[in-house]
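Trainee: heads up, no residue letters with this:
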């Protein structure tokens, strides 16, 4: 693929391609507000990062990863965040490509990513405020949606701190008004706050400063999530609204406590250097990385306000909050009002009465609000009373935890909330009937939080607005006057467009319950309904692809699948004679196998489990080249076997006749993966099985070109041997014979004549 720094490689080399002794590979941009990154450059970086993650070359290597036990672990595309990009890519690529750039002058060490990839200053038009811990894939979805909504050019310069600030050390100045963020905010036309569904950026002190400056100076302000603009039909409420209502800059955090103190001092309108180390001249004292230090790190032991991590607040900040409480409250209210302006004023719900349970669906937004209310009540907040809906369920000294609430416990909460009105929960929170689009199966043993994670992943995969309607029996049915659940679900199933089976990791789930709910789904033959499996880690499309065209989203848990298959097969063996198998049951089992074959084969490829590959490929009706075999990046099991260097699984897949030239979403073939990873032995196996070394990806690159490009060289990948091997294979093509065949084809009179004749006939009809 085109490397983000391709132009810089040319600048750093002479006419022969050798490294030049000239200047460093960067266009130095002194003004940090002119280090914006175009949408096109962001997308180029995304492509590069996707290649690194899909070939499984990007891993955790930092000292921090040692402490949290992730060192050496792969970084999946869906988990990649700005911290990972900084530590594992930016601070490795720049020194690798430009080793001479370490000492630019006395004050700078290397440079920012924008200076690395840009050819000239790029003054910012839009400021993106975001949390580094959010998923980069979500960030890019927000960028893409805003680009579309605002009809922006792909060359629009967007300021993103991760790429604008030099990650080897940047001078933030002595005052906040001199820092890169404020300098940029002074020049941009629009500030965009990227907010994840859990409102993570609303808890960051730097984001609070950026929003504070934007609102105070009456600049244009928008909020975006990966689903779209906040206030649009895709994002109109839920936990975000609740988080905004309780937004408080005092409850925010920064990676460096000294910066947090400086910002809070600024908000309180005291000397912003109070409580920070200073030089003898009274200036702020900075370390080699240009960062300040706390002068006083004593904690408030009075039992007052605690920080988000549960630790006591610093004594300096505690006194600040107490003395200048009014100023903090004024800021909080100003920001809340500006954020709420994007959402619109909340409308009071009147409620409704609907006799037909099949019209009592709840929107995705309403489900999110339910979860927010449940979480807010855990542990039970009233110190003088026991939990009113779980009084008999909880034993002594048992704390109520949101993450452990079962469906049965939530149903008791629903019964308690609806007892006075004697209605369903839906009728309390909706003004009109809501016909469900999707019906979910329920289990009394599953955790509610696990179910909501599965629903969120499904909505993400299906690209649903938060107005999408789901049927959830404990919320859609009257829990005070039990209705016939089976009859209601049957009615809902007939009318909705999709059925979602929620899988659980719990080993002790009742077998009869599983078979009673799973069986009818498998037997849904000849309908136009979508059938989906969902778990807390991923969702799987069975009968219809997701609206994005993919068949899986996230990391679908294959262990759950194995238990599911074992249970169905066990039941089939128990009910059928070995000599006489019910044809319909047999077809149902094969159907389930075909739905689940993709995740099973991909896991077998990852684990180098050749035996599992052979068993699953032996089943009748399985098509190995089907799109259902692809993961969320379009990778087939063969791609994953190459990425994981699983030689046995690779050979087993090829023996099962899987096409060695299968393509992922970027038209990369397994041979491209082997070339990028420098795996000569795997390239040899693929070519021997029929892999075409002349196959091109969507960037018109052959595997040989990828190997020569060596995009992962900064990670220590050596592609020399692959280049040598593929060079020989491409040189072996008999060019004269190829060109002779080509010329004979285009000169064939019959082919040209028939085409011309057809064109003449069509012109007559048109006339």
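Mentor: Perfect, I can see it now. Fair warning: this is a prediction, and the values are worked out from it, not measured in the lab.

Trainee: Touching, residue 712 and residue 679? I think so.
Mentor: No: Residue 712 lies out of contact with residue 679 (Cβ atoms under 8 Å); the separation is 11.4 Å. Heads up, the C-betas are built off the backbone N, CA and C, glycines and all.

Trainee: The two: which has the busier surroundings?
Mentor: Neighbour count, other Cβ atoms under 10 Å: between residue 712 and residue 679, residue 679 has more, with 23 against 20.

Trainee: Next up, phi/psi of residue 160, please.
Mentor: Dihedral pair for residue 160: phi -130, psi 120, per degrees, to the nearest 10.

Trainee: Quick one: classify the residue nearest the centre of the chain as helix, strand or coil.
Mentor: The centroid of the chain falls nearest to residue 78 when counting by Cα atoms, centre = their mean (4.2 Å). Classification of residue 78 by DSSP: H, G, I helix; E, B strand; the rest coil places it in helix.

Trainee: So it sits against residue 137, correct?
Mentor: Yes: the pair residue 78 / residue 137 is scored as a contact, 6.1 Å apart, by Cβ under 8 Å.

Trainee: List the buried residues in the strand or helix carrying residue 41.
Mentor: In this structure, residue 41 sits in helix 39-54 according to DSSP states H and E. Neighbour counts over helix 39-54 (16 or more other Cβ atoms under 10 Å) mark 39, 41-54 as buried.

Trainee: and the helix or strand hosting residue 416, what other elements does it pack with?
Mentor: Using DSSP H and E, residue 416 sits in helix 407-418. With contacts taken as 3 or more Cβ pairs under 8 Å, 6 or more residues apart in numbering; DSSP states H and E, helix 407-418 sits against helix 425-429, helix 448-462, helix 473-476.

Trainee: pLDDT below threshold where in the stretch 451-600 of the chain?
Mentor: Low-confidence segments of the stretch 451-600 of the chain (pLDDT under 70): 504-527, 557, 559-585.

Trainee: Without its sequence neighbours, what residue ends up closest to residue 248?
Mentor: Distance criterion Cβ to Cβ, 6 or more residues apart in numbering; nearest residue to residue 248, sequence neighbours excluded, is residue 332 at 5.3 Å.

Trainee: Quick check: that neighbour is in a helix.
Mentor: Yes: according to three-state DSSP, residue 332 belongs to a helix.

Trainee: on that earlier part again, would you quantify the distance from the residue nearest to the centre of the chain to residue 469?
Mentor: Residue 78 is 26 Å from residue 469, where distance means Cβ to Cβ, to the nearest Å.

Trainee: what does residue 594 give?
Mentor: Counting by Cβ to Cβ, the separation of residue 594 from residue 469 is 30 Å.

Trainee: Looking only at neighbour counts, state which of the two leads.
Mentor: residue 469 (22 against 18).

Trainee: Who does the more buried one form a beta bridge with?
Mentor: Here residue 469 sits in beta bridges with residue 363, as judged by DSSP bridges.

Trainee: Quick one: residues contacting it.
Mentor: By Cβ atoms under 8 Å, 6 or more residues apart in numbering, the contact set of residue 469 is 361-364, 434-438.

Trainee: at 6 Å instead, please
Mentor: Residue 469 makes contact with 361, 363, 434, 436-437, according to Cβ atoms under 6 Å, 6 or more residues apart in numbering.

Trainee: Pick out whichever of those sits closest to residue 481.
Mentor: Proximity of the contacts of residue 469 to residue 481 (Cβ to Cβ) peaks at residue 361, which lies at 19.0 Å.

Trainee: Was I right to think the closest one contacts residue 434?
Mentor: Yes: assessed by Cβ atoms under 6 Å, residue 361 is found in contact with residue 434 at 4.3 Å.

Trainee: more crowded one of these two?
Mentor: Neighbour comparison, residue 361 and residue 434: the larger count goes to residue 361, with 25 against 21 (by other Cβ under 10 Å).

Trainee: Model confidence score at that one, please.
Mentor: pLDDT for residue 361: 95.

Trainee: And stretch 247-255, end to end?
Mentor: End-to-end distance for stretch 247-255: 19 Å, by Cα to Cα, to the nearest Å.

Trainee: Can you give me the buried ones in that stretch?
Mentor: The neighbour-count check on stretch 247-255 (16+ other Cβ under 10 Å) flags 247-252, 254 as buried.

Trainee: ok, now stretch 154-164?
Mentor: 156-164.

Trainee: Which residues outside it are in contact with it?
Mentor: Applying Cβ under 6 Å, 6+ apart, the external contacts of stretch 154-164 come out as 35-40, 82, 112-114, 122, 124-128, 184.

Trainee: ditto for stretch 95-112
Mentor: Here stretch 95-112 makes contact (Cβ under 6 Å, 6+ apart) with 24-26, 35, 94, 164-166, 168-169, 714.

Trainee: closest to residue 697 among these?
Mentor: Closest approach to residue 697 among the contacts of stretch 95-112 (Cβ to Cβ): residue 714, at 20.7 Å.

Trainee: Give me the nearest residue to the closest one, chain neighbours excluded.
Mentor: residue 96 (3.8 Å).

Trainee: can you tell me the helix or strand for that neighbour?
Mentor: Element membership for residue 96, per DSSP H and E: helix 91-97.

Trainee: after that helix comes which helix or strand?
Mentor: helix 113-117.

Trainee: what helices or strands is that next one leaning on?
Mentor: Applying 3 or more Cβ pairs under 6 Å, 6 or more residues apart in numbering; DSSP states H and E, one finds that helix 113-117 contacts helix 161-164.

Trainee: so how far is residue 64 from residue 233?
Mentor: Distance of residue 233 to residue 64, given as Cβ to Cβ: 40 Å.

Trainee: just residue 213 next, same as before
Mentor: To residue 64, residue 213 is 30 Å away according to Cβ to Cβ.

Trainee: neighbour count winner among those two?
Mentor: A side-by-side neighbour count of residue 213 and residue 64, using other Cβ under 10 Å, places residue 213 first with 19 against 12.

Trainee: my read: that one touches residue 185, true?
Mentor: Yes: the pair residue 213 and residue 185 passes the contact test of Cβ under 6 Å, sitting 5.1 Å apart.
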